[in-house]
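Participant: Starting from these lines, generate the structure:
(one chain, ligands or ions: 1)
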Amino acid sequence: MSDDPFGQSIASLANWVPPDEPPTGQRAALHRLAAAMRIVAEALTDMQADEADLLAAAEAMEQFGARLEATRTGHRPWGFAESAPAGDARAMFDRSPVIGLGNPVAPPLRMEIDGDRIVGRATFGAQYEGPPGHVHGGIIAAAFDEVLGMAQARTGRPGMTGTLTIRYRRPTPLHTEVVFEARVDRVEGRKIFAAGTLHAGETLCAEAEGIFISVDFSRLTR
Ligand SMILES: CCCCCCCCCCCCCC(=O)SCCNC(=O)CCNC(=O)[C@H](O)C(C)(C)COP(=O)(O)OP(=O)(O)OC[C@H]1O[C@@H](n2cnc3c(N)ncnc32)[C@H](O)[C@@H]1OP(=O)(O)O
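Facilitator: Predicted coordinates:
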């Protein structure tokens, strides 16, 4: 075990690639359950099920939730909620609220590295609605934080988000694949300046600038 548990992580993230092997067993089941929960969350925003049907589902979910709670150990085998502390270039991010396939809250955004750019793609469902028919601005900010965060992590000296500035130019449509792009602009001391865009087709929906501050990761715990 290294004295600097995050040192290897940071080096690995300089070469981060998403996992390309399909999950199996319990992990595949986790992804399937999370995907089913996303379908339910989407449908709950616009449905006409009767009260009895909803109550039956709620009771089943409450019972299942209690069974899951009873299995909790305090260990978190499903990887990392963020990119920087990951211990492997092919690390698992199933818990991430933005990209985690095992986290039903995540859209999920899919990220890839393209040269010096990070590209993120997502299709936001109705559970992410802000303005009618369009994506909530806070959700867009979270997605920018993730793609800019990944871009800055690849400098090898990743930091925490200090300032994230977003200019919303056009409403971002729901139910349409949208594309985030991010890259590092420059590094000044501990400050990493990253910038990004969000497009729906040819339409520029938003632009972001982030200042990430390199931190001593040993101060932080998972
Ligand atoms: C669990 C592990 C997470 C790891 C995260 C990795 C990200 C992974 C990607 C995932 C993405 C998701 C990521 C997330 O969601 S991270 C979650 C959201 N962010 C936070 O919670 C951060 C909370 N803030 C802090 O911890 C501290 O304030 C930080 C660490 C940011 C700075 O406190 P520190 O005491 O260390 O700094 P310093 O005072 O010595 O100043 C140093 C320099 O920095 C400049 N400065 C300071 N603050 C800001 C600011 N806010 N904007 C712009 N610049 C700022 C300052 O002027 C100075 O510059 P200069 O005078 O030298 O020129």
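Participant: Every contact and neighbour count from this point should use C-alpha atoms.
Facilitator: OK.
Participant: how about the strands in this protein?
Facilitator: 110-114, 117-123, 159-168, 177-188, 191-200, 203-214 (DSSP state E).
Participant: Check which helices and strands the first one is in contact with.
Facilitator: What it means is strand 110-114. strand 117-123 (3 or more CA pairs under 8 Å, 6 or more residues apart in numbering; DSSP states H and E).
Participant: Could you pull up the residues touching the residue nearest the centre of the chain?
Facilitator: Centre of the chain computed as the mean C-alpha position; nearest residue by CA atoms, centre = their mean is residue 98, 1.9 Å away. Going by CA atoms under 8 Å, 6 or more residues apart in numbering, residue 98 touches 105, 106, 107, 108, 109, 142, 143, 146.
Participant: cool, and residue 117?
Facilitator: 151, 181, 182, 183.
Participant: rerun that using 7 Å as the cut-off
Facilitator: Going by CA atoms under 7 Å, 6 or more residues apart in numbering, residue 117 touches 181, 182, 183.
Participant: beta partners for it?
Facilitator: Beta bridges link residue 117 to residue 114, judged by DSSP bridges.
Participant: Got the confidence number for it?
Facilitator: We have a pLDDT of 93 for residue 117.
Participant: Low-confidence ranges, this protein, go.
Facilitator: By pLDDT under 70, the weakly predicted segments of the chain are 1-20, 77-80, 82-92, 217-222.
Participant: Please enumerate the helices of it.
Facilitator: 7-13, 25-44, 51-70, 137-153 (DSSP state H).
Participant: Could I get those helices in JSON lines, plus columns for distance to the ligand and mean neighbour count?
Facilitator: Formatted as JSON lines, these follow (distance: least, CA to the nearest ligand atom, whole Å; neighbours: other CA atoms under 10 Å):
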{"stretch": "helix 7-13", "distance to the ligand": "10", "mean neighbour count": "21"}
{"stretch": "helix 25-44", "distance to the ligand": "21", "mean neighbour count": "15"}
{"stretch": "helix 51-70", "distance to the ligand": "24", "mean neighbour count": "11"}
{"stretch": "helix 137-153", "distance to the ligand": "4", "mean neighbour count": "24"}
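Participant: follow-up on the earlier one: nearest to the ligand, out of the strands of the chain?
Facilitator: For the ligand, the closest of these is strand 159-168, at 3.3 Å, according to CA to the nearest ligand atom.
Participant: quick one: that closest one near the ligand?
Facilitator: Yes - Strand 159-168 comes into contact with the ligand (CA under 6 Å from any ligand atom), by way of 159, 160, 161, 162, 163.
Participant: And for the last one, nearest residue in space, chain neighbours not counted?
Facilitator: Excluding the flanking residues, the one nearest residue 163 by CA to CA, 6 or more residues apart in numbering is residue 211, at 5.1 Å.
Participant: Does that neighbour touch residue 190 like I think?
Facilitator: No - using CA atoms under 7 Å, residue 211 is not in contact with residue 190; the gap is 9.7 Å.
Participant: Next, show the common contact partners of these two.
Facilitator: With CA under 7 Å, 6+ apart as the test, residue 211 and residue 190 reach no residue in common.
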